[in-house]
Every structure is written in structure tokens, then in C-alpha cells.
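*Asks:* fold the following, please.
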Amino acid sequence: QVQLVESGGGLVQAGESLRLSCQVSESITRVNYMGWYRQAPGRGRELVADITSVGATTRTTVADSVKGRFTISGDNAKNILYLHMNSLTPEDTAVYYCNLQFSRGVYWGQGTQVTVSS
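*Replies:* So this is what the prediction gives:
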């Protein structure tokens with residue numbers, strides 16, 4: 001069973017930055033899909049950013065609402081997926097989840113809370 005553990009969330013003020021980490025219990029070298037999602041109170045879960053790998057081609061997608069402020073990256077040596085978040089606003093307040101899709105299944109982390117005060 002693959003385990004994903006998110007960390008790095010917290011309470012920050014508007015304009016500040018955070019870096020979320022998703023530690024994966026297995027190698028992410030051959031993972032085809034890795035993404036960050038978020039869910040704000042009273043709303044559905046939405047995609048924030050993801051990385052899709054097909055053969056030697058890697059494509060990154062970032063939601064319009066965070067484009068230019070958030071960056072997704074992976075560290076294959078440490079098996080960690082990151083979400084770098086800059087210029088945070090109160091609208092970014094949510095629980096953030098990492099999601100990885102292995103050939104044998106789809107896995108979610110438990111979530112980490114990000115709260116941005118104005």
C-alpha cells in the first residue's frame with residue numbers, strides 16, 4: 001500500500017509563501033501522474049496543479065486561479081512532490097491534498113490545512 005504524507009501547511013498572512021511537501025513511500029520515478037488538489041469549506045475538490053508523464057514527455061498544468069503564483073515540482077531522489085505557493089490570498093484557504101496515480105491504483109494523502117488571513 002502506497003502511503004502519501006503531506007506537510008507544510010499552516011496559518012499565514014496574505015502575501016506570504018508556503019511550500020507543501022508530499023512524501024511518498026515508494027519511488028516516484030515511473031509515476032505517470034502527480035497532482036495537488038484543494039478543497040475549501042463548502043466547495044468541491046479542485047485541481048491546483050499536476051504533472052503528467054508519458055514516455056520521455058512531461059507536462060505541467062496549473063489552474064488559472066493560481067497561475068503565476070504556484071509551482072509544482074518533484075524530487076525523484078527523495079520521493080517528494082512539492083507545491084510552492086507564493087503571494088497567498090485568503091481565497092487560497094483550503095485543505096490541500098496530493099494525488100499520485102500508479103499503474104496499480106490511485107492514492108491520496110490525508111491533506112494539510114492552509115489558512116491565509118487578510
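
*Asks:* going forward, measure contacts and count neighbours with C-alpha atoms only.
*Replies:* Noted.

*Asks:* is residue 115 bridged to anything, and to what?
*Replies:* For residue 115, the beta-bridge partners under DSSP bridges are residue 11.

*Asks:* can I assume residue 66 sits in a helix?
*Replies:* No: remark: residue 66 does not belong to a helix; assigned using DSSP: H, G, I helix; E, B strand; the rest coil, it is coil.

*Asks:* which pLDDT value belongs to it?
*Replies:* Note for residue 66: predicted pLDDT of 98.

*Asks:* so it makes contact with residue 48?
*Replies:* Yes: counting by CA atoms under 8 Å, residue 66 touches residue 48, with 7.2 Å between them.

*Asks:* of these two, which one has the most company?
*Replies:* Comparing residue 66 with residue 48 by other CA atoms under 10 Å, the one with more neighbours is residue 48, at 24 against 17.

*Asks:* next one: that one from residue 1, what distance?
*Replies:* With distances taken as CA to CA, to the nearest Å, residue 48 is found 25 Å from residue 1.

*Asks:* for the most centrally placed residue in the chain, which non-adjacent residue is spatially closest?
*Replies:* Closest to where the C-alpha atoms of the chain average out (CA atoms, centre = their mean) is residue 36, at 2.7 Å. Of all residues beyond its chain neighbours, the one nearest residue 36 is residue 98 (4.5 Å), with distances taken as CA to CA, 6 or more residues apart in numbering.

*Asks:* repeat that for residue 113.
*Replies:* Going by CA to CA, 6+ apart, residue 113 has residue 95 as its nearest residue, at 4.4 Å.

*Asks:* tell me how many other residues crowd residue 90.
*Replies:* When neighbours are defined as other CA under 10 Å, residue 90 has 15 of them.

*Asks:* so which residues of the protein form strands?
*Replies:* Secondary structure of the chain by DSSP state E: the strands cover 4-7, 10-13, 18-24, 33-39, 46-54, 57-62, 70-75, 80-85, 94-102, 105-108, 112-117.

*Asks:* thank you, goodbye.
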